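J.: what's the 3D shape of this:
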Amino acid sequence: QVQLVESGGGTVQAGGSLRLSCAASESISKINKMGWYRQTPGKTREWLSTLTSGGDTEYKYSVKGRFTISTDNTKRTAYLQMNSLKPEDTGTYYCRIEENEAVWYWGQGTQVTVSS
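T.: As a prediction, this is how the structure comes out:
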């Protein structure tokens, strides 16, 4: 059974940092891309960052320079280091693990709240 387990959310003051983790189960045979998304009430889920199996990264303009996506030696855990957090970064964060363009999986979501 495919499982993505997210952790690391919480409440932090503006200017603070958090690191999110997303661990993928061994049942996902091949990971092509890892990504992070954010959703706030009443809005669609927005893309934040992608890390390809080749090591290429991309970031949404609003988080570039503050957020860093990475993985570990196993390449089965995705991380999102978030620095200089702002109140507008508040939301539920989801990881997305892609086997290929037609097959991907979502994590369960983790809440991040940034107080001003």
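J.: Strands of this structure, residue ranges please.
T.: In chain order, the chain shows strands spanning 4-7, 10-13, 18-24, 33-39, 46-52, 57-59, 67-71, 77-82, 91-100, 103-106, 110-115, with DSSP state E as the criterion.
J.: Now mean neighbour count too, for these, in CSV please.
T.: From N, CA and C alone the C-beta is placed, and that goes for glycine too. As requested, those are exported to CSV (neighbours: other CB atoms under 10 Å):
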stretch, mean neighbour count
strand 4-7, 17
strand 10-13, 13
strand 18-24, 20
strand 33-39, 22
strand 46-52, 18
strand 57-59, 15
strand 67-71, 18
strand 77-82, 22
strand 91-100, 20
strand 103-106, 15
strand 110-115, 16
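J.: okay if I get these as TSV plus mean pLDDT?
T.: Below are the strands of the chain laid out as TSV (pLDDT from 0 to 100):
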stretch	mean pLDDT
strand 4-7	94
strand 10-13	98
strand 18-24	97
strand 33-39	97
strand 46-52	98
strand 57-59	98
strand 67-71	97
strand 77-82	98
strand 91-100	96
strand 103-106	94
strand 110-115	98
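J.: Once you drop chain neighbours, what's closest to residue 26?
T.: Ranked by CB to CB, 6 or more residues apart in numbering and with sequence neighbours excluded, the top spatial neighbour of residue 26 is residue 76, at 7.5 Å.
J.: these two touch, right, the one you found and residue 24?
T.: Yes: if you go by CB atoms under 8 Å, residue 76 and residue 24 touch, sitting 4.8 Å apart.
J.: shared neighbours of these two, anything?
T.: Listed as contacting both residue 76 and residue 24 by CB atoms under 8 Å, 6 or more residues apart in numbering are residue 31.
J.: Check the spacing between residue 13 and residue 67 real quick.
T.: To residue 67, residue 13 is 17 Å away according to CB to CB, to the nearest Å.
J.: swap in residue 110?
T.: 14 Å.
J.: same question, residue 10
T.: With distances taken as CB to CB, residue 10 is found 16 Å from residue 67.
J.: All set now, cheers.
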